[in-house]
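J.: Turn this into a structure:
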Amino acid sequence: MTQTANALTTDAKTAIAEALNQSVAETAVATMLAQNFHWNVKGMAFGPLHELFQQMYEDHFAAQDDLAERIRALDAHAEGTLAGMIARSKVAEHDGHATDKEMIRLMQEAQETLAQTLAGCGELAASHGDTLTEDLCIARGQTHEKFAWFLRAHLG
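T.: Next up, the predicted model:
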């Protein structure tokens with residue numbers, strides 16, 4: 001049965017909000033990763049990679065807000081500290097000292113991790129009848145899979 005945020009049980013809200021906080025954390029770390037690579041990429045593919053990394057961090061920044069607002073709609077606390085997000089995230093920070101191909105590979109892995117995390121969050125939401133969160137997670141997961149494809153295409 002489809003339910004809105006208000007109709008979900010407290011346990012369902014807590015579980016879904018936890019999964020969404022995981023998604024926010026990984027999105028935040030991936031945002032900074034993309035911005036870091038945007039700043040530090042060099043080589044023959046500088047132009048297209050500089051632009052792609054910017055497209056990614058701008059997309060991810062807006063996504064953080066969408067995900068966090070859904071957490072708040074579930075009447076839960078949205079993690080708002082960088083330390084908390086870094087500790088929670090399966091996407092790792094990087095110092096930006098990397099070749100363009102290493103940057104592409106690391107960013108591709110981050111996108112695939114995000115897609116997987118969001119798919120899991122969407123499944124959890126669906127199991128509780130929270131189609132609004134499920135829909136958000138599906139849309140975000142598709143975006144991350146598309147970015148992963150773009151990155152793979154750069155590697156040939």
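J.: pretty sure residue 119 is touching residue 141, no?
T.: Yes - applying C-beta atoms under 8 Å, one finds residue 119 in contact with residue 141, separated by 5.1 Å. Quick note: C-beta positions are derived from backbone N, CA and C, even for glycine.
J.: neighbour-wise, which of those two wins?
T.: Legend: neighbour count by other C-beta atoms under 10 Å for residue 119 and residue 141, higher for residue 141 (20 against 17).
J.: Just the pLDDT at that one, thanks.
T.: On the pLDDT scale, residue 141 is placed at 98.
J.: wait, what's in contact with it?
T.: Residues counted as contacts of residue 141 (C-beta atoms under 8 Å, 6 or more residues apart in numbering) are 114, 115, 118, 119, 122.
J.: what helix or strand does the closest residue in space to it that isn't next to it in sequence sit in?
T.: Residue nearest to residue 141 in three dimensions, not counting chain neighbours: residue 118, with 3.9 Å by C-beta to C-beta, 6 or more residues apart in numbering. Assigned by DSSP states H and E, residue 118 belongs to helix 100-127.
J.: The next helix or strand after that helix vs helix 100-127, what angle?
T.: Using DSSP H and E, the helix or strand that follows helix 100-127 towards the C-terminus is helix 131-155. If you take axes from the mean of the first three to the mean of the last three C-alpha atoms, to 10 degrees, helix 131-155 sits at 160 degrees to helix 100-127.
J.: What residues of helix 131-155 count as buried?
T.: Counting neighbours by 16 or more other C-beta atoms under 10 Å, one finds that the buried residues in helix 131-155 are 131-134, 136-138, 140-141, 143-145, 147-148, 150-151, 154.
J.: same question, stretch 98-105
T.: So stretch 98-105, judged by 16+ other C-beta under 10 Å, has buried residues 98, 100, 103, 104, 105.
J.: Turn those residues into TSV, columns for pLDDT and distance to residue 8.
T.: Below are the buried residues of stretch 98-105 laid out as TSV (pLDDT from 0 to 100; distance: C-beta to C-beta, whole Å):
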residue	pLDDT	distance to residue 8
98	96	42
100	96	45
103	98	40
104	98	40
105	97	39
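J.: Which neighbouring elements make contact with the longest helix along the chain?
T.: When the chain is parsed with DSSP state H, its longest helix is helix 10-40. Packed against helix 10-40, as judged by 3 or more C-beta pairs under 8 Å, 6 or more residues apart in numbering; DSSP states H and E, are the following elements: helix 46-73, helix 82-88, helix 100-127, helix 131-155.
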